[in-house]
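K.L.:
What follows is a predicted protein model with its sequence.
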Amino acid sequence: MTGYSFNLVDEEWIPCIMRDGSSGELGILETLSNAHDVKEIFDPSPLITAALHRLLLAVLHRNFGPTSVEEWKDIWEAGHFDRSTLQDYFDKWHNRFDLFDKEHPFYQTARFGKGKMKTVEVNDLLPELARGNNPTLFDHTLDDSCAPLDVVAAARNLLALQSFKLGGLSGLGTNFVDAPSARNVLFLVQGENLFQTLMLNLVKYNEDEPIPGSGEDRPVWEQDQPLNSPLPMGYLDYLTWQTLLLRLVTDSSGLRVIGCEMALGRNLKSDGNLFDPAVAYRKDAKAGWLGLRFRENRVLWRDSTSLLNITSEENSPPRIIQWLSLLVKRKAVEKSSIYLVDAYGLGTNQAKIDFWRHEHLPLPLDYLDDESLVEDLQTALEECEESEKALRYALRHFAGGMLAPPEGNPDKDAVTNLVSHLGADKLFWPRLERHFYHLLRELPNGREEALDTWADKLRYTCWDCFEEATRDLDGSARTLRSIVEARQRLGGGLKRVLA
């Protein structure tokens, strides 16, 4: 390693937006000690934002637990994290947070041993940049033209890479494996400030929760040697999991990172009891429990009840939501509060990234204390799905009328292509998003009125999308007849769905 030092405890590297609207960078100690004065952590990369929160949660769990609702409530009511506790901890482990420490560089390894390793370009630290045969989705950087990273950017991307690295070819004899957060959507409850945000995601922690442990759980910076076990020792080990063995390579100044040495790290394997507290799961008849993933053409709010249905046997909401439900029932937080749930993650195709995404959902806590509200919301979403089917059916009838030969039936593929070209489905879901958020907020205040308003918005949106899809077509008799017949189908379909 170089003689240069960049210690993440003290150096300014975490991007913070303060409560007064100003922005700046803080070290780990100042970020946590002053979390009540920080509105939020924000980086343009949702992967970095998520990875930063998980790092801070690992530090907090190590120092504050909590082992019970009562311990959690004491911290919550204090309104801040105890600085002296944090200072003592960082004094003990200070050198382990240095990016360039000779023996224990942060989130890296000082020695690779006898295993295979390779030197890669700096863009291998940034999943949004093009490299090798990956598509240039976010930029047009080439392997031999990527600019060096300053140490702040290198530190942030180092965290994100260890959390979100995709498996695939490595050139090291054995393929890379997925990092713990590579495929699933990560959820984070947002409070009024960073202190509240971290507390709302600080679930009960002990040897058995939130994931089973060995009794020797500790974060990676407290581990003297890289571990080989495919099972985490506990939640702290899991939060700081090292998918790769890395060592940053700097230029002669030591101030810029130009690449890194890389080798295979730990291959995470679940024994069937490992459920990430930030992930929602659904039960598959063949594969068992599967984490919720982003899909390119499916907005996340369509799956919102999977976050709220605490008692479902087919879906398992994130543990952070289940913990928040317990806090509501134990009156540790106000039931009348409305928080935001942030969702972070990647859209992937095998070993390639198609997109990344950061979405928000409002979370009125009434849903966590009243199962019937969740049932009403599920009914509303089912009405939405069925309304979209009625719209699609009407447009297929229209396309069939337009494409049918004088005798016989139209080609099914041609009908599908014409419906896709009309693009009504691409209009439908985005136009309903704000109406759904309104329903989510208003349903606890008046169910009948909120559901009636929702039905009106569904009806109006369907008709509006239909009219827009068929508005600029030619005025031939065949076109007009097909439109009239399709309108009849749509009206009948909506009447059945929204009666």
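P.N.:
Sure, I can see it. Numbering: from 1, shown residues only.

K.L.:
contacts, neighbours, all on C-alpha from now
P.N.:
Will do.

K.L.:
Confirm for me that residue 333 is in contact with residue 327.
P.N.:
Yes - in this structure residue 333 lies within contact range of residue 327 using Cα atoms under 8 Å: 6.0 Å.

K.L.:
Could I get the average pLDDT for the longest helix seen in the chain?
P.N.:
Once the chain is assigned using DSSP state H, the helix that runs over the most residues is helix 371-403. Averaged across helix 371-403, the pLDDT comes to 95.

K.L.:
how far out from the middle of the chain is the next helix or strand after it?
P.N.:
Sequence order places helix 412-422 as the next helix or strand after helix 371-403, per DSSP states H and E. Taking the mean C-alpha point of helix 412-422 and that of its whole chain, the gap between them comes to 33 Å (Cα atoms, centre = their mean, to the nearest Å).

K.L.:
Over to stretch 367-383?
P.N.:
Average the C-alpha atoms of stretch 367-383, do the same for its chain, and the two points are 23 Å apart (Cα atoms, centre = their mean).

K.L.:
follow-up on the earlier one: remind me what the longest helix of the chain packs against, helices and strands.
P.N.:
helix 305-308, helix 412-422, helix 424-442, helix 447-470, helix 477-497 (3 or more Cα pairs under 8 Å, 6 or more residues apart in numbering; DSSP states H and E).

K.L.:
Restricting to C-alpha, output the fourth one in CSV.
P.N.:
It refers to helix 447-470. Taking C-alpha atoms only, helix 447-470 is exported to CSV below (Å, rounded to 0.1, in the frame of the first residue of the first chain):
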residue,chain,number,x,y,z
ARG,A,447,-62.3,4.5,3.0
GLU,A,448,-65.5,4.9,1.0
GLU,A,449,-64.7,8.3,-0.4
ALA,A,450,-61.1,7.3,-1.1
LEU,A,451,-62.1,4.1,-3.0
ASP,A,452,-64.8,5.9,-4.9
THR,A,453,-62.3,8.5,-6.0
TRP,A,454,-59.9,5.8,-7.0
ALA,A,455,-62.5,4.1,-9.1
ASP,A,456,-63.3,7.4,-10.9
LYS,A,457,-59.6,7.9,-11.6
LEU,A,458,-59.3,4.3,-13.0
ARG,A,459,-62.3,4.8,-15.2
TYR,A,460,-61.1,8.2,-16.5
THR,A,461,-57.6,7.0,-17.1
CYS,A,462,-58.7,4.0,-19.1
TRP,A,463,-60.9,6.1,-21.3
ASP,A,464,-58.2,8.8,-21.7
CYS,A,465,-55.6,6.3,-22.7
PHE,A,466,-58.0,4.6,-25.2
GLU,A,467,-58.9,8.0,-26.8
GLU,A,468,-55.3,9.0,-27.0
ALA,A,469,-54.2,5.7,-28.6
THR,A,470,-56.9,5.9,-31.3
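
K.L.:
Now do the helices in the stretch 151-300 of the chain.
P.N.:
151-164, 194-200, 235-239 (DSSP state H, counting those that start in this stretch).

K.L.:
what about those helices, which gets the closest to residue 37?
P.N.:
In terms of Cα to Cα, the element of these nearest to residue 37 is helix 194-200, at 7.6 Å.

K.L.:
What lies in contact with that closest one?
P.N.:
32, 35-41, 53, 56-57, 72, 76, 79-81, 188-191, 320, 324 (Cα atoms under 8 Å, 6 or more residues apart in numbering).

K.L.:
what about it, distance to the chain center?
P.N.:
Going by Cα atoms, centre = their mean, where helix 194-200 is centred and where its chain is centred differ by 17 Å.

K.L.:
Show the average pLDDT along that helix.
P.N.:
Across helix 194-200, pLDDT averages out at 98.

K.L.:
circling back: list only those of the contacts of helix 194-200 flagged as buried.
P.N.:
Among the contacts of helix 194-200, those scoring as buried are 32, 35-41, 53, 56-57, 72, 76, 80-81, 188-191, 320, 324 (criterion: 16 or more other Cα atoms under 10 Å).

K.L.:
Show me the residues you listed that map onto strands.
P.N.:
With strands defined by DSSP state E, the entries of these inside them are 38, 39, 40, 41, 188, 189, 190.

K.L.:
Need the pLDDT of the nearest residue to the fifth one once chain neighbours are set aside.
P.N.:
On the basis of Cα to Cα, 6 or more residues apart in numbering, the spatially nearest residue to residue 188 that is not a chain neighbour turns out to be residue 342, at 5.1 Å. As summarised for this prediction, residue 342 has a pLDDT of 96.

K.L.:
Next, give phi and psi for residue 342.
P.N.:
With angles defined as degrees, to the nearest 10, residue 342 shows backbone torsions of phi -90, psi 140.

K.L.:
What is the neighbour count of it?
P.N.:
The number of residues packed around residue 342, counting by other Cα atoms under 10 Å, is 19.

K.L.:
Same question for residue 298.
P.N.:
By the criterion of other Cα under 10 Å, residue 298 has 10 neighbours.

K.L.:
What residues are bridge-paired with it?
P.N.:
Beta-bridge partners of residue 298, counted by DSSP bridges, are residue 295.

K.L.:
ok, it to residue 341 distance?
P.N.:
18 Å (Cα to Cα, to the nearest Å).

K.L.:
and what of residue 241?
P.N.:
24 Å.

K.L.:
what's near enough to touch residue 42?
P.N.:
Listed by Cα under 8 Å, 6+ apart, the contact partners of residue 42 are 15, 16, 17, 49.

K.L.:
Find me the pLDDT at it, would you?
P.N.:
96.

K.L.:
Next, it: phi, psi?
P.N.:
Main-chain torsions, residue 42, degrees, to the nearest 10: phi -150, psi 130.

K.L.:
got the contact list for stretch 54-64?
P.N.:
Here stretch 54-64 has contacts from 28, 32, 85-86, 89, 198, 201-202, 205, 218-219, 236, 239-240, using Cα under 8 Å, 6+ apart.

K.L.:
mean confidence score for that stretch?
P.N.:
For stretch 54-64, the mean per-residue pLDDT is 98.

K.L.:
If you count neighbours, what's buried in that stretch?
P.N.:
Residues 54, 55, 56, 57, 58, 59, 60, 61, 62, 64 are the ones in stretch 54-64 that count as buried (16+ other Cα under 10 Å).

K.L.:
Next: stretch 383-396.
P.N.:
By neighbour count on 16+ other Cα under 10 Å, the buried set for stretch 383-396 is 383-384, 386-396.

K.L.:
Same question for stretch 292-301.
P.N.:
Buried residues in stretch 292-301, defined by neighbour count with 16+ other Cα under 10 Å: 292, 293, 294, 300, 301.

K.L.:
Residue nearest the middle of the protein, spatially speaking?
P.N.:
Here the mean C-alpha position of the chain is nearest to the C-alpha of residue 344 (Cα atoms, centre = their mean), at a distance of 2.2 Å.

K.L.:
ok, that one - contacts?
P.N.:
Taking Cα under 8 Å, 6+ apart as the criterion, residue 344 is in contact with 46, 47, 50, 185, 186, 187, 356, 357, 358, 359.

K.L.:
Farthest pair within those residues?
P.N.:
187 and 356 (14.1 Å).

K.L.:
which one of those two has more residues nearby?
P.N.:
residue 187 (26 against 18).

K.L.:
give the contact list for the more buried one.
P.N.:
Residue 187 is in contact with 278, 279, 318, 341, 342, 343, 344, counting by Cα under 8 Å, 6+ apart.

K.L.:
Okay, and which of those residues map to strands?
P.N.:
Assignment to strands by DSSP E places the following of those there: 341, 342, 343, 344.
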